[in-house]
Structure formats: structure tokens, C-alpha cells
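A.B. asks: Fold the following.
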Amino acid sequence: MYIVLLRKKRLGIAGMLIVITLLMVGLVKNEVVPAFNLFVDRPAVVLDAGHGGVDKGTSHGDLLEKEINLDIVLKTAKFLLDRGIAVDLTRDTDEDLGGKLKKGRHRKDLEFRVTKMNRGMVAVSIHVNSGASKKGGALVLYPRENEEAKNLAELVLKEISQVQVLDHEFAIPKSNLYVLKKSQVPTILIEVGFISHPEDRVKLTNPDWRQQMAEAIGTGVLKYLALGN
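C.D. replies: Purely as a prediction, here's the structure:
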């Protein structure tokens, strides 16, 4: 799932080619145009919806983490795509990425996600937390001693704080989470809220709030990219 991200020096010829391409795929007929990767070797942003398929993640009754994660990721992707940013997803449906249900499935799932996330310029993994009922709010994690990831995390955290209370007022460095430890690009992991917390749970079930969260994440990413990273 890509869209074109162009440098200024390419706008002349590139602009003409884009017009030709759009005509060929039927934009003038009001058809839906698939996203392309014409001039970039990799997407600017890879979004990862944690869990999926048989791996539902944490849950509360019929409210499943895997579904919340995917909904927020799809909303974030649209927000970025609408602003001309090249985006790819580790998954865009309710699927397990680890393959067959056998020993080592979870590790394969993580390996697949990291491989795809490392193809981007930056990566964002979305999750929902769980814990004691009094514990709530959002967390943003980044790989320890990775300054670029820390910068991304802080910018996203600032935007998230406008729509969600924070469990921590600062981005948290981690060294024991696979998707962060194995990342080769600035990567952050966001816990958007606690499904075990009553007030957070109300937010997590609200499509409008999920949209606000997606836009906050997307805005933070845009601000990071605007710094020339």
C-alpha cells in the first residue's frame, strides 16, 4: 500500500508521469485509484497493527485489541495518504502473520512484522494495554539509545496528549521488545490505552476517538518527517 512521495527536483517530469498514470487507472472516471510506489524505493512510513487472526491480543468481553489496533492503523494510514505520504502496512485485514499454528508461530509473526517495518523510513506499531483497573492512559515506547526514534516518540507523544491522558509524561526507552530491539529504522510502539481501565475502554470503543487518536499519531509522524528526517 504505497503512495508517491516526491522530492522537489523531481516534480517536473514526475508530475507529468503522475498525470499520465492517473489517467490510465481511471481517476477521471471517479474510480478508486490504488496507491503506487513510482519514485521511492521504500515507503516513508510503515504502520503495524499488533496481533491479528488467532492472536486477539488483550480483550474485554467482545472488545478485542487486534480489532482496535487495525482500525486505528487504517485511519492513520488514510490520514497520511491524504497528505501525500508513502505508507505501507504490516497487515490490513484480520490475519495472523505467523503462519501455521505450531511452535514458533509467535516468533515468525514478529520477524515478519520487523522485516516489513524495516523497509520504511520510520515505523509505528499500534497496541492496546492491559493491567490493574486503576492504571490507564497512553504510552509511547522507543528503542533505547536510538535518538531518532526518541525524537519521533516525543513528537507523537505530544500530539497524543491532546486526545488521551498519558500513563507516562515522557517517551519510554525499551531494550527487551522484539519489534524495537530489531528495528533498523526509527521505530516506536504506542499503547493507546488500557482496555482494563473503564474510562479508557469507553474511548477505545468510540470510533470518533479512534479517529482522533489516528490523526494525532499521523500529525506527530508528519512533524517528524518535516524536520528532514
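
A.B. asks: tell me which residues of the longest helix along the chain are tucked away?
C.D. replies: Secondary structure of the chain per DSSP state H: the longest helix is helix 207-226. Neighbour counts using 16 or more other Cβ atoms under 10 Å place 209-225 of helix 207-226 among the buried residues. Where C-beta positions appear, they are placed from N, C-alpha and C, glycine not excepted.

A.B. asks: Give the full set of residues in contact with the closest residue to Gly57 other than its chain neighbours.
C.D. replies: Spatial nearest neighbour of Gly57, chain neighbours left out: Glu65 (3.0 Å); criterion: Cβ to Cβ, 6 or more residues apart in numbering. Applying Cβ atoms under 8 Å, 6 or more residues apart in numbering to Glu65 gives the contacts Gly50, His51, Lys56, Gly57, Thr58, Ser59, His127, Val128, Ile195.

A.B. asks: what's Glu65 sitting at in phi/psi?
C.D. replies: Phi and psi for Glu65, reported as degrees, to the nearest 10, are phi -60, psi -40.

A.B. asks: re earlier: let me know the closest of the contacts of Glu65 to Val179.
C.D. replies: Distances from those to Val179 were compared by Cβ to Cβ; the smallest belongs to Gly50, at 8.6 Å.

A.B. asks: dump the residue contacts of the closest residue to the closest one other than its chain neighbours.
C.D. replies: Leaving out its chain neighbours, the residue that sits closest to Gly50 by Cβ to Cβ, 6+ apart is His127, at 4.3 Å. By Cβ under 8 Å, 6+ apart, His127 lies in contact with Gly50, His51, Gly57, Glu65, Asn69, Leu189, Ile190, Glu191, Val192.

A.B. asks: Can you tell me the element His127 falls in?
C.D. replies: His127 is part of strand 122-129 when elements are defined by DSSP states H and E.

A.B. asks: Endpoints of stretch 47-60, how far apart?
C.D. replies: Start and end residues of stretch 47-60 are separated by 24 Å (Cα to Cα, to the nearest Å).

A.B. asks: go on, stretch 43-57?
C.D. replies: End-to-end for stretch 43-57, by Cα to Cα: 27 Å.
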